[in-house]
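In: pasting the structure only:
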């Protein structure tokens, strides 16, 4: 192979690093790939750090120590996150998306990859420091955003189900009180998580907090700590939820009136 | 801002292009971002094409015409896809993952972002030419890989549900015969898709094809064409499925015996 130029090395490294966020690549693996000296690679990494800073494209970080190397995190600055969520709130506000029973239609938003990935990056930015071992969600609607968050954090996604399934092996079931006041079941395969891990709970919607509370209890059954909780949308009422410490991206109010209107705002912590 | 160097421009472009696969960026948008002349940007793009080719990192393509520009597709060569799937088959084969009732435990594989993204890229590679407008899946286990495929294709994900939900508005319901022989319901919000679109069906598992068949019928109700069907895993038996033209990544056989063993192989078309 011809000698590889710096711009080629940097481009390839950026693709590899950003393609598997938060995974540490050793400098040696890049030295081998490009046939370059370690000092050259260090310079390349410095320049990658500079570029990502200049263009606000997340962070390239060097990690020292035995398991050291370089990693990429798609962090989103608070200002950029707020601007993005504000724009999204604009799309969701108004009467066009309000359904009978004061529900808001936003399934499309929850499964458009570009939007979902950005929401996942905004959530991950808040929880890198907590170093969760996996992301937990409850089927169904929150799965894409939970997956995007897991991707940004470089950890597996774990999906709790409404029923235990024969193809998931032995399971732990718990009962919880859902938003509608019914007793429901939440089930998770025994194999899905290990004791003493840290979970980050991610879901699409928080109203009373019954389901979220169920997930916390489910984790207790597995001796797993909850490192945090994040939601795409939280209703303004009831103000008091059955969980605490959660971060939602947006808050939702639906006005009485004809037609009813949705008022969607960026959550407090983003303002 | 100081004058931006080529390696900086190329690195930033690679990040932006690969972060939103299959989306066309105009050359002008890059000219504005970097304050560069169009001729310079064209040279940069040529070099990006070269790098992605050299390191087998997908494809940067220029698209001509009024809506023209540059796009990135995370295509995976057939050889690389086969090698990747073969390695995965190795992990899934054997007795350790066989559950009572001849089921295979692979929920962990279906929600590990790095693996799921790669599977999504392999599937997307097969269907770029078909230009689907969205990816359709049936809840729950296939959602991550369907999302990853939708991401690689740059189109929305649409999720069919077992029941219609009040928060998704009016819905079309169909009945279908599931793998276990039960009559089940599949539901999709009226708002989720538009007439005359093209759907790519993606799901985790294909046995008899009842659910897949249901998805095809659901699309017919919406006057949507099915552009293709892809699955993570298909059972070897029954050989005749209730759908045709599908592409699975792996085939599964479970041997009679004590203990029962799973034999997981790359699908025919990958060999």
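Out: Arrived safely. All figures in this text were calculated on a predicted structure; none of them were measured in a lab. Residues are numbered from 1 along each chain as shown, chains lettered A, B, ... in the order given.
In: Tell me the secondary structure at the nearest residue to residue A:141 once chain neighbours are set aside.
Out: Leaving aside its sequence neighbours, residue A:141 sits nearest to residue A:204 (Cβ to Cβ, 6 or more residues apart in numbering or on different chains; 4.4 Å). Heads up, the C-betas are built off the backbone N, CA and C, glycines and all. On the three-state scheme (DSSP: H, G, I helix; E, B strand; the rest coil), residue A:204 is labelled strand.
In: I'd like to know how far residue A:204 sits from residue B:196.
Out: Note on residue A:204: its distance to residue B:196, by Cβ to Cβ, to the nearest Å, is 29 Å.
In: so the residue nearest to residue A:141 makes contact with residue A:233?
Out: Yes: between residue A:204 and residue A:233 there is a contact under Cβ atoms under 8 Å: 6.7 Å.
In: Pull the contacting residues for residue A:119.
Out: For residue A:119, the contact set (Cβ atoms under 8 Å, 6 or more residues apart in numbering or on different chains) comprises A:145, A:148-149, A:232, A:249.
In: switch the cut-off to 7 Å
Out: A:145, A:148, A:232, A:249 (Cβ atoms under 7 Å, 6 or more residues apart in numbering or on different chains).
In: pretty sure residue A:192 is touching residue A:158, no?
Out: Yes: the criterion here is Cβ atoms under 7 Å, and residue A:192 meets it with residue A:158 at 4.9 Å.
In: who has more neighbours, residue A:204 and residue B:196?
Out: Shown here are residue A:204 and residue B:196; by other Cβ atoms under 10 Å in any protein chain shown, residue A:204 has more neighbours (22 against 10).
In: Please tell me the pLDDT value assigned to the more buried one.
Out: On the pLDDT scale, residue A:204 is placed at 97.
In: near chain B, which residues of the stretch 101-250 of chain A?
Out: For the stretch 101-250 of chain A, the contact set with chain B under Cβ under 7 Å from any Cβ of the partner chain comprises A:101, A:103, A:105, A:107-108, A:111-114, A:117, A:139-140, A:143-144, A:147, A:150-151, A:156-159, A:161, A:166-169, A:189, A:191-192.
In: Got a ChimeraX select line for the buried ones in these?
Out: In ChimeraX, this line selects whichever of those come out buried by 16 or more other Cβ atoms under 10 Å in any protein chain shown:
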select /A:103,105,107,108,111,112,113,117,139,140,143,144,147,150,151,156,157,158,159,161,167,168,169,189,192
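In: Compute the number of surrounding residues for residue A:187.
Out: Other residues near residue A:187 number 17, with proximity taken as other Cβ under 10 Å.
In: quick one: contacts for the closest residue to it other than its chain neighbours?
Out: Of all residues not flanking residue A:187 in the chain, residue A:164 sits nearest, at 4.0 Å (Cβ to Cβ, 6+ apart). By Cβ under 7 Å, 6+ apart, residue A:164 lies in contact with A:171, A:173, A:187.
In: how many other residues sit next to the second one?
Out: Residue A:173 has 14 neighbouring residues, counting by other Cβ under 10 Å.
In: That one and residue A:162: what is the separation?
Out: According to Cβ to Cβ, residue A:173 and residue A:162 sit 10 Å apart.
In: From the structure, what's the count of residues near the closest residue to residue A:54 other than its chain neighbours?
Out: Nearest non-adjacent residue to residue A:54, counting by Cβ to Cβ, 6+ apart: residue B:8, 6.9 Å away. Neighbour count of residue B:8, defined by other Cβ under 10 Å: 20.
In: any idea whether residue B:8 is helix, strand or coil?
Out: At residue B:8 the chain is in helix, as set by three-state DSSP.
In: Wait, it touches residue A:52, no?
Out: No: between residue B:8 and residue A:52 there is no contact under Cβ under 7 Å: 10.0 Å.
In: Domains in chain A, by residue range?
Out: A:6-73, A:78-270 (automatic domain parsing).
In: Now distance to residue B:224 too, for these, in a markdown table please.
Out: A markdown table is the format used below for these (distance: least, Cβ to Cβ, whole Å):
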| stretch | distance to residue B:224 |
| --- | --- |
| domain A:6-73 | 32 |
| domain A:78-270 | 16 |
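In: Looking at those domains, spot the one closest to residue B:77.
Out: Set against residue B:77 and scored by Cβ to Cβ, those come closest in domain A:6-73, at 15.6 Å.
In: to the chain's geometric centre, what's the distance from that closest one?
Out: Offset of domain A:6-73 from its chain centre (Cα atoms, centre = their mean, to the nearest Å): 23 Å.
In: Then stretch A:237-256?
Out: Distance, centroid of stretch A:237-256 to centroid of chain: 18 Å (Cα atoms, centre = their mean).
In: Tell me the span between the first and last residue of it.
Out: 13 Å (Cα to Cα, to the nearest Å).
In: Contacts only, for the residue nearest to residue A:141.
Out: By Cβ under 7 Å, 6+ apart, the contact list for residue A:204 reads A:110, A:141-142, A:145, A:231-233.
In: Which of those sits closest to chain B?
Out: Ranked by distance to chain B (Cβ to the nearest Cβ), the contacts of residue A:204 are led by residue A:141 at 7.7 Å.
In: Now do the same contact list for the closest one.
Out: A:107, A:110, A:204.
In: and of these, the nearest to residue B:72?
Out: The shortest approach to residue B:72 among the contacts of residue A:141 belongs to residue A:110, at 24.5 Å (Cβ to Cβ).
In: I'd assumed residue A:146 was in contact with the closest one.
Out: No: in this structure, residue A:110 is not within contact of residue A:146 by Cβ under 7 Å, at 10.4 Å.
In: if you count what's nearby, which of the two comes out ahead?
Out: Neighbour count, other Cβ under 10 Å: between residue A:110 and residue A:146, residue A:146 has more, with 32 against 21.
In: name the element the more buried one belongs to?
Out: Using DSSP states H and E, residue A:146 maps to helix A:143-153.
In: pLDDT on that helix, on average?
Out: 98.
In: Ok, stretch A:93-111 next?
Out: Mean pLDDT, stretch A:93-111: 93.
In: coming back round to it: helix, strand or coil for the residue nearest to residue A:187?
Out: Following three-state DSSP, residue A:164 is assigned to coil.
In: Equivalent analysis for residue A:185, please.
Out: strand.
In: Give the full set of residues in contact with it.
Out: Contacts here follow Cβ under 7 Å, 6+ apart; on that basis residue A:185 touches A:162-163, A:173, A:175.
In: again, only using 10 Å
Out: Residues near residue A:185 by Cβ atoms under 10 Å, 6 or more residues apart in numbering or on different chains: A:160-164, A:173-176, A:214.
In: which one in the residues you listed is the model shakiest on?
Out: residue A:164 (76).
In: And that residue, how close does it get to residue A:122?
Out: From residue A:164 to residue A:122 the distance is 33 Å (Cβ to Cβ).
In: cool, residue A:84 as well?
Out: Using Cβ to Cβ, residue A:84 is found at 7 Å from residue A:122.
In: and for those two, which residues touch both?
Out: Common neighbours of residue A:84 and residue A:122, using Cβ under 10 Å, 6+ apart, are A:76, A:249, A:270.
In: quick one on the thing from earlier: which residues do residue A:173 and residue A:162 both contact?
Out: Jointly contacting residue A:173 and residue A:162 under the rule Cβ under 10 Å, 6+ apart are A:185-187.
In: Is chain B within reach of stretch A:62-69?
Out: No: between stretch A:62-69 and chain B, judged by Cβ under 10 Å from any Cβ of the partner chain, nothing touches; the nearest distance is 16.2 Å.
In: so how far is the first residue of that stretch from its last?
Out: Length of stretch A:62-69, first residue to last, Cα to Cα: 6 Å.
In: any low-confidence regions in chain A?
Out: Within chain A, the segments meeting pLDDT under 70 span A:1-2.
In: Give the buried residues for the longest strand seen in it.
Out: Ranked by number of residues, the top strand in chain A under DSSP state E is strand A:225-235. Counting neighbours by 16+ other Cβ under 10 Å, one finds that the buried residues in strand A:225-235 are A:226-235.
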